[in-house]
Structures are given as C-alpha cells and as structure tokens.
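Student: Pasting the sequence and the predicted coordinates here, then a few questions.
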Amino acid sequence: MKILVHFDFDDEQIDDMARMARSHGDHHLVRVKEEAEAVLEAADAEVLLGRFAPAVCAAAPKLRWIQSFSAGMDKFLFPEIIERDVVITNMAGMYAPQGGEHAWALLLALSRGIASSAVAHQERRWGGGACVELTGGTLGIVGLGGFGLETAKRAQGYDMTIIALDPVRTDPPDGVSEVSPPTSDNIISLLQRSDAVIIACPLTDETYHMIGDRQLAAMKKTAYLVCVSRGGIIDETALVRALEQGGLAGAGLDVVEQEPLPGESPLWSAPNLLLTPHRAGASQHRPRKTFEFFRANLDRYLRGEKLENIVDKKLGY
C-alpha cells in the first residue's frame with residue numbers, strides 16, 4: 001500500500017513513520033513537497049496525510065483515507081471529496097489548550113485595558129483604558145469542542161458562571177452550568193445574559209454570519225465578544241457598526257472572513273477591537289503534537305482499528 005505524505009515533517013519523523021508502516025507489512029511511504037509532485041504520486045495512493053487539494057484527490061482513485069493537518073474543515077471539504085467514499089480525519093482537540101489560552105488572553109487584554117496601555121507605552125505616555133473585573137460574571141461559550149472546553153476550564157478559575165451552546169452535547173461538562181442547542185432563540189438568550197462571549201464553534205453553512213446585527217444588539221453594552229475558531233461566523237460589517245455605536249464594550253478576533261485581512265477592511269480602524277493573525281492554534285508544541293497524532297492514527301489504520309477524529313463530511317466537523 002502507498003502512503004502519501006504532503007506535510008512539513010522533518011526527515012527523522014518521516015523515517016519513523018516509514019519504519020512503523022513497514023512493520024505492518026508491505027507499505028511504502030512517500031513524501032512530497034509540492035502539489036504538482038503530489039498529483040504525480042497520487043495514482044496508486046490509498047492514504048494521504050497532510051494537505052489534500054482537489055487536484056491531488058482527483059488523481060487518486062484508490063484513495064481511502066485522508067488525515068488533515070487542520071482542526072477546522074471549512075476550507076477543505078470540497079464537493080467531490082464529500083461525495084466520495086473517502087474517510088477524513090482531522091486534528092480536532094489537538095490544539096485546544098493553546099486555543100483556550102488565546103481566547104482568554106484576548107478577553108483579559110480587552111477587560112483590563114491592555115491594548116490602550118500598549119498604545120500609551122509606545123507614545124511614552126502614562127495611561128491606559130478602562131479596567132473591568134471578570135470574576136463572578138457570566139461567560140457564554142458558543143461551541144464546546146476543544147477550544148470551548150479549554151476556555152471553560154480557565155473561566156472556572158475566575159468563578160464565572162458558564163453557559164454554553166452546542167449542537168451535539170446535551171449534558172453540561174464539569175464547571176459548565178448549562179448547555180443548550182444553538183437555536184436562534186437560545187443564541188439571543190446567551191448573548192443577553194453574558195458579560196463575555198467566546199465564539200469557538202466551526203464554520204459551517206449553519207454558523208456562517210450567525211452573529212449579526214440582531215444578535216449583537218442583544219448583547220450588554222458592557223460585554224466583550226471574542227472569536228478564536230473561524231472567520232465568517234461573525235458578520236464583520238455588523239460588528240464594526242456595533243463597536244462604532246457603542247453596542248458592546250469591545251471585541252477580539254483571531255480569525256476573519258478573508259485572511260490575511262485586506263488593508264481596506266474597516267476592522268483595522270474599529271474602536272475597541274483587538275486583532276491577532278490566526279494564532280490561537282499555535283504553540284511550540286504544535287509540530288510535535290501533529291506528528292504524534294498522525295503517527296498514532298496511521299498505526300490504527302494499518303492495524304485495522306477505528307480511527308480517531310473521523311469527520312462527518314456532511315456536517316463539516
């Protein structure tokens with residue numbers, strides 16, 4: 001069996017996976033660095049690890065399993081691969097701790113006026129923004145996947161009441177007071193009750209522009225909104241309008257609908273907005289975690305065992 005690897009693993013990691021594959025039988029692991037090279041090698045590949053462009057998948061009629069390097073699948077599930085009998089697994093949960101840290105960092109920076117203090121620092125001026133106490137408040141989390149659960153863990157240290165929306169979970173995990181399905185009414189209710197809201201759900205047809213004018217108008221004017229999962233869930237035009245009109249105290253975005261963010265985007269000049277360049281999943285441990293998960297899932301596949309993190313291609317996660 002041919003195993004095609006299109007990802008930036010180092011030589012030692014590739015050799016390790018190749019040895020492991022050979023230990024299970026006559027399996028040949030091939031590394032490619034460019035999409036054109038992947039297309040040439042794809043004809044007899046059964047497994048594809050890493051990047052999977054439409055052209056590569058189209059050139060791989062024997063393909064049975066794809067291991068994605070990403071947790072979110074919104075940019076990868078093109079129509080042809082959804083319809084094919086190909087299993088896709090993702091990295092859901094593997095980057096969750098740093099995602100929770102990043103969400104919390106944005107929320108703290110907003111509530112403690114860190115951004116204003118940083119500007120004052122650059123101007124050699126002693127000053128900063130308003131400081132708000134989060135302890136004892138209510139945190140709303142939209143999406144209790146890895147990012148959402150890790151954010152909830154951190155909120156518990158601040159004695160916050162945590163309420164959440166999730167399409168799959170029905171029982172509240174430890175520390176979460178309640179979980180409800182993400183209906184239109186439930187979204188409005190969560191926004192009305194929360195002192196801070198973290199968006200941690202995937203981008204799907206159902207969640208695209210889920211937070212728009214009506215939803216933002218439901219938030220407390222003193223509340224903060226943070227998104228660390230995917231751009232496109234928040235209607236950015238509506239968000240800028242709400243910030244300019246004082247509809248909420250501030251927002252933090254690690255993700256935007258078009259990345260990199262175009263220079264003409266009004267987000268750049270929106271008041272009380274913090275932007276980071278899609279870094280919530282980053283950490284010094286990510287390369288190691290990615291390799292270890294790829295290797296473990298490949299071992300499961302070769303043993304005929306159930307794979308971890310199988311994606312429902314119709315749902316998008």
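Tutor: Structure received.
Student: Only C-alpha atoms from now on, for both contacts and neighbour counts.
Tutor: Will do.
Student: can I have stretch 81-93 written out in PDB, keeping just the CAs?
Tutor: Output in PDB follows, covering the C-alpha atoms of stretch 81-93 (Å, rounded to 0.1, in the frame of the first residue of the first chain):
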ATOM      1  CA  ILE A  81     -14.400  14.700  -1.700                       C
ATOM      2  CA  ILE A  82     -17.600  15.000   0.300                       C
ATOM      3  CA  GLU A  83     -19.400  12.600  -2.100                       C
ATOM      4  CA  ARG A  84     -16.500  10.100  -2.400                       C
ATOM      5  CA  ASP A  85     -16.100   7.100  -0.200                       C
ATOM      6  CA  VAL A  86     -13.100   8.500   1.500                       C
ATOM      7  CA  VAL A  87     -12.700   8.800   5.200                       C
ATOM      8  CA  ILE A  88     -11.400  12.100   6.500                       C
ATOM      9  CA  THR A  89      -9.900  12.600  10.000                       C
ATOM     10  CA  ASN A  90      -8.900  16.000  11.400                       C
ATOM     11  CA  MET A  91      -6.900  17.500  14.300                       C
ATOM     12  CA  ALA A  92      -9.900  18.400  16.500                       C
ATOM     13  CA  GLY A  93      -8.900  18.900  20.100                       C
END
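Student: For stretch 227-239, buried residues please.
Tutor: Within stretch 227-239, the residues that qualify as buried are 227-236, 238-239, counting by 16 or more other Cα atoms under 10 Å.
Student: and the protein, what are its domains?
Tutor: As given by automatic domain parsing, the domain ranges for the chain are 2-94+284-303, 96-275.
Student: Kindly compare burial across those domains and name the winner.
Tutor: For those, the largest average neighbour count (mean count of other Cα atoms under 10 Å) is found in domain 96-275, namely a mean of 19.
Student: show me what contacts residue 141?
Tutor: Counting by Cα atoms under 8 Å, 6 or more residues apart in numbering, residue 141 touches 148, 152, 162-165, 197-200.
Student: Name the nearest of these relative to residue 4.
Tutor: Among these, residue 200 lies closest to residue 4 (Cα to Cα), at 31.6 Å.
Student: List phi and psi for that closest one.
Tutor: Main-chain dihedrals, residue 200, degrees, to the nearest 10: phi -130, psi 20.
Student: shouldn't it be in contact with residue 150?
Tutor: No: with contact defined as Cα atoms under 8 Å, residue 200 does not reach residue 150; the gap is 10.1 Å.
Student: for the chain, what's the longest helix?
Tutor: In the chain, with assignment by DSSP state H, the single longest helix is helix 286-303.
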